[in-house]
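1. Sequence and computational prediction follow.
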Amino acid sequence: MPGLLLRLAGPLQSWGEHSHFNDRDTLAFPTRSALTGLLAAALGRPRHCDLDDLALSVTVRVDRPGSRLWDFHTIGGGLPADRTVVTAEGKRRSSDTSTLTSTRWYLEDAAFTVALTLPDDSEPPTAWADALQSPRWPLYLGRRACPPAGPLFLGRSADAFHDLVHLPLALPAPRTSDNGDGDEPTVPVLFLSDRPLSELPAPASPLGNDDAGREHSTVLDDPVDFASRHRRYRARPLYRRTLALPVSHCAGYGAGQLTGLAAYTSPTYAPAVGPAPEGSVQ
């Protein structure tokens with residue numbers, strides 16, 4: 001199954017599903033609508049463009065789930081009377097009531113590795129890879145206030161599920177002790193997808209109930225229209241699977257994982273940027 005591999009990491013991320021007006025939520029993982037919008041931004045597509053040719057399937061590996069951050073946000077304070085917030089009747093709020101409050105949720109210190117594939121398992125267009133490597137418009141992790149840290153586009157894969165399982169994890173190796181049986185210690189890693197995950201090549205036994213082929217729930221994040229006043233979304237299935245991956249997959253934070261990604265080799269993987277010439281600074 002060919003696909004494109006992304007690394008979504010940064011101080012803050014936000015992947016809304018039911019955000020409306022002053023209440024902005026976030027799911028615990030990147031949404032299909034956000035990743036479709038990210039691809040559209042990389043290609044330079046305006047919001048009103050048709051999305052039919054951007055149909056994609058998303059599989060997420062949760063390297064670090066991060067923690068949830070609540071931001072108490074204010075809007076419109078201190079503005080002159082002719083620039084205060086507009087009411088439902090089309091009038092301006094008075095200076096005493098011009099400040100509105102907004103609740104916004106984020107994920108902090110989270111990291112995800114994502115495989116973008118096509119529903120028919122064909123190879124994603126070369127234009128997608130080129131755009132993600134050299135985007136037309138700036139890319140961000142759900143909101144404009146959430147820029148990515150480090151490289152976002154990792155490369156192309158002829159076997160996206162294989163490389164999604166084996167790429168180095170943005171996770172420090174836990175402290176473990178030798179249990180004497182000679183087996184390498186493992187770490188639990190969650191995978192989420194809009195397609196059954198029974199095809200994941202598990203290097204170790206799945207953890208818990210192996211229900212990779214059964215739908216876990218649904219998510220309202222399949223975009224139909226991104227137009228500002230006509231945004232529409234469909235529900236799509238969500239599949240979950242937790243694998244016990246070898247501790248040797250853990251590459252640490254920041255530069256540690258980037259070094260691990262640069263060193264990763266696979267017959268199916270073509271990195272976005274080739275190895276640096278000998279003697280150059282990595």
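-> Now that the structure is in, tell me what you want to look at.
2. From Arg156, how far off is the closest residue to Ala173 other than its chain neighbours?
-> Computed as Cβ to Cβ, 6 or more residues apart in numbering, the closest residue to Ala173 that is not its neighbour in sequence is Cys250, at 4.0 Å. From N, CA and C alone the C-beta is placed, and that goes for glycine too. Between Cys250 and Arg156 the computed distance is 24 Å (Cβ to Cβ, to the nearest Å).
3. now Leu69
-> From Leu69 to Arg156 the distance is 33 Å (Cβ to Cβ).
4. neighbour count winner among those two?
-> Arg156 (22 against 16; other Cβ atoms under 10 Å).
5. Let me see the backbone angles for the more buried one.
-> phi -110, psi 150 (degrees, to the nearest 10).
6. can you pull the contacts of the closest residue to it other than its chain neighbours?
-> Using Cβ to Cβ, 6+ apart and skipping residues adjacent in sequence, the residue nearest Arg156 is Ala270, 4.7 Å away. Shown in contact with Ala270 (Cβ atoms under 8 Å, 6 or more residues apart in numbering): 155-157.
7. And these, which is closest to Leu43?
-> Using Cβ to Cβ, the shortest approach to Leu43 within these belongs to Arg156, at 16.3 Å.
8. Return the residues in contact with Phe29.
-> 15, 60, 62, 112, 192.
9. Buried ones in the strand or helix carrying the last one, by neighbour count?
-> Meaning Leu192. In the assignment (DSSP states H and E), Leu192 maps to strand 186-193. Neighbour-count burial for strand 186-193, with 16 or more other Cβ atoms under 10 Å as criterion, is recorded at 186-187, 189-193.
10. what does stretch 262-270 give?
-> 264, 268-269.
11. just checking, which of those residues belong to strands?
-> Tyr269 (DSSP state E).
12. could you redo the buried residues of stretch 262-270 as CSV and give each row pLDDT and distance to His162?
-> Below are the buried residues of stretch 262-270 laid out as CSV (pLDDT from 0 to 100; distance: Cβ to Cβ, whole Å):
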residue, pLDDT, distance to His162
Tyr264, 94, 12
Thr268, 94, 6
Tyr269, 95, 9
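13. Dihedrals phi and psi, Pro11?
-> Torsion angles, degrees, to the nearest 10, at Pro11: phi -60, psi -40.
14. Next, count neighbours for it.
-> That count, for Pro11 with other Cβ under 10 Å as the rule, works out to 17.
15. That one contacts Glu108, doesn't it?
-> Yes - counting by Cβ atoms under 8 Å, Glu108 is a contact partner of Pro11 at 6.4 Å.
16. what does the strand holding Leu192 contact?
-> 29, 57-63, 65, 164, 169, 171, 173-174, 197, 200, 204, 207, 238-247, 249-250.
17. ok, now with 7 Å
-> The contact list for strand 186-193 (Cβ atoms under 7 Å, 6 or more residues apart in numbering) reads 29, 58-62, 169, 171, 174, 197, 200, 204, 207, 238-247, 250.
18. How far off centre is that strand?
-> 15 Å (Cα atoms, centre = their mean, to the nearest Å).
19. One more: stretch 133-144?
-> 12 Å.
20. Return the set of buried residues in it.
-> 133, 135, 139-143.
21. In the stretch 101-250 of the chain, where is pLDDT below threshold?
-> 176-182, 202-213 (pLDDT under 70).
22. what are the ranges of the helices in it?
-> Using DSSP state H, counting those that start in this stretch, the helices of the stretch 101-250 of the chain run over 126-133, 160-166.
23. Tell me the gap between the longest one and the middle of its chain.
-> Relative to its parent chain, helix 126-133 has a centroid offset of 17 Å by Cα atoms, centre = their mean.
24. Show me where the stretch 101-250 of the chain has its strands.
-> 153-157, 186-193, 217-225, 232-246 (DSSP state E, counting those that start in this stretch).
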